[in-house]
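Peer 1: when you get a sec, could you give me coordinates for this:
(one chain, ligands or ions: 1)
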Amino acid sequence: MNIQTSAPAKIILVGEHAVVYGKPAIAVPVSSLRAYAEVEPSSGGLQIASADLDEMVPVDISAATIDNALALTARLVLQKLAASPPEVTIRLHSDIPIASGLGSGAAVSTALARALCAALNAALPEAELNALIYEVEKVYHGTPSGIDNTVIVYEHPVYFVRQQPIQTVVIGGDFMLVIADTGRSASTRSAVDGVRALYDSRHEQVQALLDDIGELVAQARGCIERGQAQALGDLMNRNHALLQQLTVSSPELDRLVKAALDAGAFGAKLSGGGRGGNLIALVAPDSEGKVTDALTRAGAARVFTTILGRRARC
Ligand code: PMV
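Peer 2: Next up is the predicted model:
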């Protein structure tokens, strides 16, 4: 038995939070940063070992409630395939930082589900796997839009609108993105809850912000399809300002965004749930080094570059 499966990280280019309220958002996979699952024979029933979380999860599929996301993933796969737990240990490890806006939870669950299917010699169509990971996402996020699982399972750039068929985005040029981690993990669930509280208390004002985000996402799609980096950068800056007003930025994120812009980035914004986690900066190739240095000097815990392009996938 030599089974290894994986799934990528993701970034949201534009539209997070508003996507929960039915607005579009654009997300792309980061294929160079991944979660992995490996299958080993065992004699103790199905076990899931997570190196990063330092835990071993025995999977009891008859348990009445399963609030552990890994055990829930396994149970949903077994139910879907009408299969009994195989005698294997599935070892998970992930290069994706946890709770930082890069989709680590959905990626780990996707790699796990694929490994369990492979151990059972079965396959789940991607649409079914996507629906299953969405169920698991609810454990992490409460009311997820579904964008994370979709971009991670399909590993394609997506223009995502909740409860609508998935649309892929055509990439019309090369876009260089510098991704920087504030080093502060943050709960997406509490950021989403915070926006919900604001929405309930100042409905009209917040609705106007969400509408503005929805409009700029539609424009961003055009920029991506036409390969217009400068114009996309401007829209990212506008998006960050609107996210600040939704109270999901943080002093660290704002400091790093400013550092990237001062160093010549076309645009920069938080990506994902916010209040910590990662930001993305869109740069010209000749300013990448300067922006990376500036972000490091401004305190980023980790900085790396990825290219969203016609040839290279992120
Ligand atoms: O923090 P992340 O990477 O899981 O991104 C969540 C994106 C939100 O729009 C904030 C929530 C959602 O479910 O779409």
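Peer 1: contacts for the longest helix belonging to the chain?
Peer 2: Identified as the longest helix of the chain according to DSSP state H is helix 203-226. Contact partners of helix 203-226, identified using CB atoms under 8 Å, 6 or more residues apart in numbering, comprise 13-15, 17-18, 21, 23-26, 157, 159, 169-173, 175, 195, 198-199, 228-229, 231-232, 235-236, 238-239, 242-243, 245-246, 308. C-betas here are computed from N, CA, C, even on glycine.
Peer 1: just the buried residues out of these, in ChimeraX syntax.
Peer 2: If you want just the buried ones from the contacts of helix 203-226 in ChimeraX, going by 16 or more other CB atoms under 10 Å, the selection is:
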select :13,14,15,17,18,21,23,24,25,26,157,159,169,171,175,195,198,199,228,229,231,232,235,236,238,239,242,243,246,308
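Peer 1: just the ones of the contacts of helix 203-226 in helices?
Peer 2: Under the assignment DSSP H, the contacts of helix 203-226 contribute 195, 198-199, 229, 231-232, 235-236, 238-239, 242-243, 245 to helices.
Peer 1: who touches Ile152 in this structure?
Peer 2: Counting by CB under 8 Å, 6+ apart, the residues that Ile152 touches are Ala7, Pro8, Ala9, Lys10, Pro29, Gly103, Ala106, Ala107, Thr110, Ile133.
Peer 1: who are the packing partners of the helix or strand encompassing the second one?
Peer 2: This means Pro8. Counting by DSSP states H and E, the element that carries Pro8 is strand 3-14. Secondary-structure packing of strand 3-14 (3 or more CB pairs under 8 Å, 6 or more residues apart in numbering; DSSP states H and E): strand 25-41, helix 104-119, helix 147-154, helix 203-226, helix 229-245, strand 267-271, strand 278-283.
Peer 1: the fourth one to strand 267-271, inter-axis angle?
Peer 2: Going by axes from the mean of the first three to the mean of the last three CA atoms, to 10 degrees, helix 203-226 is angled at 120 degrees with respect to strand 267-271.
Peer 1: list the buried residues of helix 203-226.
Peer 2: Judged by neighbour count (16+ other CB under 10 Å), helix 203-226 contains these buried residues: Val206, Leu209, Leu210, Asp212, Ile213, Gly214, Leu216, Val217, Ala220, Arg221, Cys223, Ile224.
Peer 1: nearest to Gln163 among those residues?
Peer 2: Taking CB to CB as the measure, Gln163 lies nearest Gly214 of the buried residues of helix 203-226, at 15.0 Å.
Peer 1: just to revisit the earlier point, now the angle from the longest helix of the chain to strand 3-14?
Peer 2: Going by the same axes, to 10 degrees, helix 203-226 makes 110 degrees with strand 3-14.
Peer 1: then helix 203-226 to PDB, C-alphas only?
Peer 2: Coordinates of the C-alpha atoms in helix 203-226 are reproduced here as PDB (Å, rounded to 0.1, in the frame of the first residue of the first chain):
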ATOM      1  CA  HIS A 203     -28.000  47.000   8.300                       C
ATOM      2  CA  GLU A 204     -28.200  49.700   5.600                       C
ATOM      3  CA  GLN A 205     -24.600  50.900   6.100                       C
ATOM      4  CA  VAL A 206     -23.200  47.400   6.000                       C
ATOM      5  CA  GLN A 207     -25.400  46.400   3.000                       C
ATOM      6  CA  ALA A 208     -23.900  49.300   1.100                       C
ATOM      7  CA  LEU A 209     -20.400  48.100   1.900                       C
ATOM      8  CA  LEU A 210     -21.300  44.600   0.700                       C
ATOM      9  CA  ASP A 211     -22.800  45.900  -2.500                       C
ATOM     10  CA  ASP A 212     -19.600  47.900  -3.200                       C
ATOM     11  CA  ILE A 213     -17.500  44.800  -2.700                       C
ATOM     12  CA  GLY A 214     -19.800  42.800  -5.000                       C
ATOM     13  CA  GLU A 215     -19.300  45.500  -7.700                       C
ATOM     14  CA  LEU A 216     -15.600  45.600  -7.400                       C
ATOM     15  CA  VAL A 217     -15.300  41.800  -7.600                       C
ATOM     16  CA  ALA A 218     -17.200  41.800 -11.000                       C
ATOM     17  CA  GLN A 219     -14.700  44.500 -12.200                       C
ATOM     18  CA  ALA A 220     -11.800  42.400 -10.900                       C
ATOM     19  CA  ARG A 221     -12.900  39.500 -12.900                       C
ATOM     20  CA  GLY A 222     -12.500  41.600 -16.100                       C
ATOM     21  CA  CYS A 223      -9.100  42.800 -15.000                       C
ATOM     22  CA  ILE A 224      -7.900  39.200 -14.400                       C
ATOM     23  CA  GLU A 225      -9.300  38.000 -17.800                       C
ATOM     24  CA  ARG A 226      -7.600  40.900 -19.600                       C
END
